[in-house]
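**Student:** Just the structure for this:
(chains A and B)
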Amino acid sequence: NAGVTQTPKFRVLKTGQSMTLLCAQDMNHEYMYWYRQDPGMGLRLIHYSVGEGTTAKGEVPDGYNVSRLKKQNFLLGLESAAPSQTSVYFCASSYQGSTDTQYFGPGTRLTVL
Amino acid sequence: ELKVEQNPLFLSMQEGKNYTIYCNYSTTSDRLYWYRQDPGKSLESLFVLLSNGAVKQEGRLMASLDTKARLSTLHITAAVHDLSATYFCAVDPRPAGKSTFGDGTTLTVKP
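**Tutor:** The predicted structure follows:
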């Protein structure tokens, strides 16, 4: 039981490049989330999903897209990376919604030059 | 817009002492969460509080929720060095799914 995993762990991009972050969970959770964490701040919700095939916008969705084609995977895409997207990205999942504990992945540290 | 404020943001305390971290929020909600984050690591769930008056305890940490005051507290009893970390509260107003986090309280416990 690996829990929540994220790929890659580190990445450096140039402005304008694109990339996809992969989150996978093996706990059969319905809900999945993508957050970003900037220095000295809490997490901010980018997008979330309440089940396979569904996605919804969070607090800071601009510049990101997501897809949930399979229940166990939640992908976060940056179509044209900007320096303001330099951050640590965390994926999380929960069995149901807000009454359940969220389990977090180890994070992806992204730097955009 | 929901605002979640924690105080203090930084806390240095001696081993053996007691202290309380406060989490205030601006919108009605009966769901509040506490997380712990060690430097360079991910977040670990500590407590899920789902009703007014909820109190949960784990070891030297105790969390409570007062939905009428829009306030949650995380009380530390007889602190030890291993509790040094950053603690976040997060609030999830209805409809579900969109947690808003506080900026975190960085706790340093000194011998």
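**Student:** Around chain A, pick out the residues from chain B.
**Tutor:** Residues of chain B that fall close to chain A, judged by C-beta under 8 Å from any C-beta of the partner chain: B:4, B:31, B:33, B:41-45, B:48, B:50, B:88, B:90, B:92, B:96-104. Placement of C-beta: from N, CA and C, glycine included.
**Student:** Show me which of the residues you listed are buried.
**Tutor:** Buried members of the residues of chain B next to chain A, scored by 16 or more other C-beta atoms under 10 Å in any protein chain shown, are B:4, B:31, B:33, B:42-43, B:45, B:48, B:88, B:90, B:92, B:96-104.
**Student:** Does the spatially most central residue of chain A lie in a helix or a strand, and which?
**Tutor:** Note on chain A: the residue nearest the mean C-alpha position is residue A:34, at 2.9 Å, using C-alpha atoms, centre = their mean. In this structure, residue A:34 is located in strand A:31-37 according to DSSP states H and E.
**Student:** what mean pLDDT would you report for the very next helix or strand once past that strand?
**Tutor:** Going down the chain from strand A:31-37, the next helix or strand is strand A:43-49, by DSSP H and E. Averaged across strand A:43-49, the pLDDT comes to 93.
**Student:** tilt between strand A:43-49 and strand A:31-37?
**Tutor:** Angle between the axes of strand A:43-49 and strand A:31-37 is 150 degrees (criterion: axes from the mean of the first three to the mean of the last three C-alpha atoms, to 10 degrees).
**Student:** Run the chain-centre distance for strand A:43-49.
**Tutor:** Centroid displacement of strand A:43-49 relative to its chain, using C-alpha atoms, centre = their mean, to the nearest Å, is 7 Å.
**Student:** Can you give the strand pairings for the next helix or strand after that strand, parallel or anti for each?
**Tutor:** As assigned by DSSP H and E, the chain's next helix or strand after strand A:43-49 is strand A:56-57. Strand pairing for strand A:56-57, using DSSP bridges, gives strand A:43-49 (antiparallel).
**Student:** For chain B, which residue gets nearest to chain A?
**Tutor:** residue B:101 (3.2 Å; C-beta to the nearest C-beta).
**Student:** Test my guess that that residue contacts residue A:36.
**Tutor:** No: the criterion here is C-beta atoms under 8 Å, and residue B:101 misses it with residue A:36 at 10.9 Å.
**Student:** Give the residues shared as contacts by the two.
**Tutor:** A:43-44 (C-beta atoms under 8 Å, 6 or more residues apart in numbering or on different chains).
**Student:** coming back round to it: local confidence estimate at the residue nearest to the centre of chain A?
**Tutor:** Looking at residue A:34, its pLDDT reads 97.
**Student:** Residue A:2 versus that one, what's the distance?
**Tutor:** Remark: distance between residue A:34 and residue A:2 (C-beta to C-beta, to the nearest Å) = 18 Å.
**Student:** same thing with residue B:25?
**Tutor:** 33 Å.
**Student:** Flag every residue of chain A that's near chain B.
**Tutor:** So chain A meets chain B at A:31, A:33, A:40-45, A:48, A:50, A:56, A:58-59, A:90, A:92, A:97-107 (C-beta under 8 Å from any C-beta).
**Student:** one more time with 10 Å, if that's ok
**Tutor:** Applying C-beta under 10 Å from any C-beta of the partner chain, one finds that chain A approaches chain B through A:4, A:6, A:31, A:33, A:35, A:37, A:40-45, A:48-50, A:56-59, A:88, A:90-92, A:94, A:96-107, A:109.
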